[in-house]
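Trainee: Below is the structure, and that's it, no one-letter string:
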């Protein structure tokens, strides 16, 4: 593995200036229901209301804006579980660049359709992100396209880190920030920004039990592959890459704890977000609520939970919100 590197607060601040006007500044809303159950103020960062329905637009926009003219002409390509692809497609369209997004067959149809609706080409390849990455590599080699990965890239991490700046500005007394974790670009950026401003703030990452790559990699002490399995938190699927340069080390050095939640707990959090908070949130976006409700976060104090995405299939959401016991492993 190559020498790991990091992203600075200055890079995150530059990213905020760059993407201003291209992305939406989302609000932190107080949650009376969660505050009562936690015994401390709880706020929800409503990033699922971002233009493309997830935080991924921030990093993708920053990365596309940093391309050279020649790179924009040849186009961009990336692997995605759905939300990065949608953000990349939107950013590329705004820049007038060709965009191809490669995904595994586990990516839900609504996310594939969303990518195509923004004007990108979506390709389904294999049963894992590693399979899809092979097609990305081919397009880079044969067509000269520029790969913009979903997390392990300095411009992507810096763009996601702008959320950390917003959270500290909106809730300066925050004690704990709860962030969904997949490849680690979001939590690495948020933790960098938040701890640079307030070193004592805790940053807690949450993944699903079914295929938590960063959790398993940190436990092993090095990046390791995991089996990608069906889950309500489909946006958190995929590995972190054996040649991970940024996010593994940044999560190791900056994140205070990583916790896991079950499928039942994720479903309960989706229902809570809808019935108590009046928010439609996808499984990956609801894992922070799930962790708090399940008691996985000890002594949270004043807390901000990042709702990272809302791109859920609405038929599935209706079933979950209606109380159906949905088992995606059988579907």
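Mentor: Everything's here; your move. Keep in mind the model is a prediction, meaning the values are calculated, not measured.

Trainee: drop to CA atoms for contacts and neighbour counts, all remaining ones
Mentor: Will do.

Trainee: Which parts of the stretch 151-300 of the chain are helices?
Mentor: Under the criterion DSSP state H, counting those that start in this stretch, the stretch 151-300 of the chain carries helices at the ranges 154-170, 185-197, 213-220, 247-254, 263-275, 283-293.

Trainee: what's the answer for the stretch 1-150 of the chain, then?
Mentor: 9-19, 32-38, 56-65, 69-74, 83-95, 109-117, 129-143.

Trainee: circling back to that earlier point, redo the helices of the stretch 151-300 of the chain as a markdown table? Include mean neighbour count, distance to residue 49 and mean pLDDT.
Mentor: Shown next, in a markdown table, are the helices of the stretch 151-300 of the chain (neighbours: other CA atoms under 10 Å; distance: least, CA to CA, whole Å; pLDDT from 0 to 100):
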| stretch | mean neighbour count | distance to residue 49 | mean pLDDT |
| --- | --- | --- | --- |
| helix 154-170 | 25 | 13 | 98 |
| helix 185-197 | 27 | 16 | 98 |
| helix 213-220 | 20 | 26 | 97 |
| helix 247-254 | 22 | 25 | 97 |
| helix 263-275 | 22 | 13 | 98 |
| helix 283-293 | 28 | 11 | 98 |
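
Trainee: where's the closest residue to residue 186 other than its chain neighbours relative to residue 308, distance?
Mentor: Nearest residue to residue 186, sequence neighbours excluded (CA to CA, 6 or more residues apart in numbering): residue 160, at 5.2 Å. Applying CA to CA, to the nearest Å, one obtains 11 Å for the distance of residue 160 from residue 308.

Trainee: go on, residue 268?
Mentor: Distance from residue 268 to residue 308, by CA to CA: 17 Å.

Trainee: same check, this time on residue 279
Mentor: 12 Å.

Trainee: Looking at these two, which one has more neighbours?
Mentor: Counted by other CA atoms under 10 Å, residue 279 and residue 308 do not tie: residue 308 has more neighbours, with 30 against 17.

Trainee: Quick check: nearest residue in space to that one, chain neighbours excluded?
Mentor: residue 285 (4.5 Å).

Trainee: Which residue ranges make up each domain of the chain?
Mentor: 9-55+153-330, 57-147 (automatic domain parsing).

Trainee: what residues are up against the residue nearest to residue 308?
Mentor: By CA atoms under 8 Å, 6 or more residues apart in numbering, the residues touching residue 285 are 48, 180, 233, 306, 307, 308, 309, 310.

Trainee: Swap in 6 Å and give it another go.
Mentor: 307, 308, 309 (CA atoms under 6 Å, 6 or more residues apart in numbering).

Trainee: Go ahead and confirm residue 257 touches residue 204.
Mentor: Yes: using CA atoms under 6 Å, residue 257 is in contact with residue 204, at 5.0 Å.

Trainee: More neighbours: which of those two?
Mentor: Using other CA under 10 Å, the more surrounded residue of residue 257 and residue 204 is residue 204, with 25 against 15.

Trainee: Is the more buried one in contact with residue 180, as I believe?
Mentor: No: Residue 204 lies out of contact with residue 180 (CA under 6 Å); the separation is 8.5 Å.

Trainee: mind checking how far the residue lying closest to residue 251 once chain neighbours are set aside is from residue 40?
Mentor: Spatial nearest neighbour of residue 251, chain neighbours left out: residue 188 (5.7 Å); criterion: CA to CA, 6+ apart. Here the criterion is CA to CA. By it, residue 188 lies 25 Å from residue 40.

Trainee: Could you do residue 257 as well?
Mentor: In terms of CA to CA, residue 257 sits 20 Å off from residue 40.

Trainee: cool, and residue 134?
Mentor: For residue 134, the distance to residue 40 - CA to CA - is 47 Å.

Trainee: cool, and residue 131?
Mentor: Counting by CA to CA - residue 131 and residue 40 are separated by 44 Å.

Trainee: Okay then, goodbye and thanks.
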